[in-house]
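Enquirer: just a sequence and a predicted model for now, questions to come.
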Amino acid sequence: MATMIQPPSPPEERVAALVRLLDVEEIDRDLMRGARKPGGVGRVFGGQVIAQALASATRSIEDDKVAHSLHAYFMRGGDEDWPIVFRVVRDFDGRSFATRRIIALQKGKPILNMAASFQRPEEGFAHHAPMPDVPRPDALPTMAERIDARSPGTMNDLARDRMLNGPIELRPCEPFDAEPGAPPFQSTWFRAVAPLPEDPRVHRAVLAYASDIALLGTSLRVHGGLWDADTVVAASLDHALWLHETPRADDWLLYACDSPWAGGARGFNRGLIYAADGRLVASAAQEGLIRPATNAGA
């Protein structure tokens, strides 16, 4: 059955809904609840679970420490019809660093395990890899223009709806559809579709949410795979994110991704996230399931 496509809601409403979604509720000490996505259908987006887990851990941290890294394992697909409960374990609280473990549960079963580390800001040695030379976002077609230019049937309804009616705007630098043998890299500009609150915790959570977008599909480009066209079964297996700074997630950020390896029905992907002025603000790595849909039952 085809998914019912909803007309796009105003950008401000989409961003407000995202901020509410990532603002977890404290129901007891170190026990949080993440709301279900209103109107959601199917499997929970991995970036939502990561961002809600980070928000849950942040609730247990002193205000002067800031998240700088997280490492997550996805165990089960989440159900958008249910809220997610997050249990936080306070492993370590030091003068400079603090670490937390977070377990995300639905219906009494864990769907994600995550470890996060927080640091009190301090000065130190600094360098970073330069930003790739890519077109600026204003020189690229919008997502709606790219989708309209695609051949009918090359994108499923759910993927199309999420791209056009989501809280994150995307401007890919490469063509949507890669031919077999294409280089395994892609760069994508992204930002929240409307201004976010000033709270840096919100910008870190939204960055964590967006870090699960575009990364896994990089490993399919060399194989000509269309992750959004019902030809591939794809799912995140693990995800790591290093937050070098706290950039504004409502300003343009560039996600430069590459995939050095794929095999065994898995693809490994890396990503560097740059601010528009060229600063490297975050790095990510992810391994995911990439299986031809014909092998879905294997």
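Expert: It's in.
Enquirer: in the sheet, who's paired with residue 100?
Expert: Per DSSP bridges, the residues bridged to residue 100 are residue 90, residue 116.
Enquirer: hang on, isn't it packed against residue 89?
Expert: Yes: at 6.6 Å, residue 100 and residue 89 qualify as touching, with contact defined as Cβ atoms under 8 Å. (C-beta placed from N, C-alpha, C; glycine too.)
Enquirer: in terms of neighbours, single out the busier of the two.
Expert: More crowded of residue 100 and residue 89, by other Cβ atoms under 10 Å: residue 100, with 26 against 13.
Enquirer: tell me the contacts of the residue most central in space within the chain?
Expert: Residue closest to the mean C-alpha point of the chain, counted by Cα atoms, centre = their mean, is residue 212 at 2.4 Å. When contacts are counted by Cβ atoms under 8 Å, 6 or more residues apart in numbering, residue 212 is found next to 45-47, 50, 236, 239, 286.
Enquirer: out of those, which are inside strands?
Expert: Residues of the contacts of residue 212 located in strands (DSSP state E): 236, 239, 286.
Enquirer: isn't the last one up against residue 216?
Expert: This points to residue 286. Yes: taking contacts as Cβ under 8 Å, residue 286 lies within contact range of residue 216: 6.1 Å.
Enquirer: mutual contacts of those two, please.
Expert: Common neighbours of residue 286 and residue 216, using Cβ under 8 Å, 6+ apart, are 236, 269.
Enquirer: relative to residue 204, how far out is residue 286?
Expert: 18 Å (Cβ to Cβ, to the nearest Å).
Enquirer: could you verify my assumption that residue 262 touches residue 219?
Expert: Yes: assessed by Cβ under 8 Å, residue 262 is found in contact with residue 219 at 4.8 Å.
Enquirer: of these two, which one has the most company?
Expert: Neighbour tally, residue 262 and residue 219, criterion other Cβ under 10 Å: the higher count belongs to residue 219, 27 against 20.
Enquirer: perfect, I'm done here.
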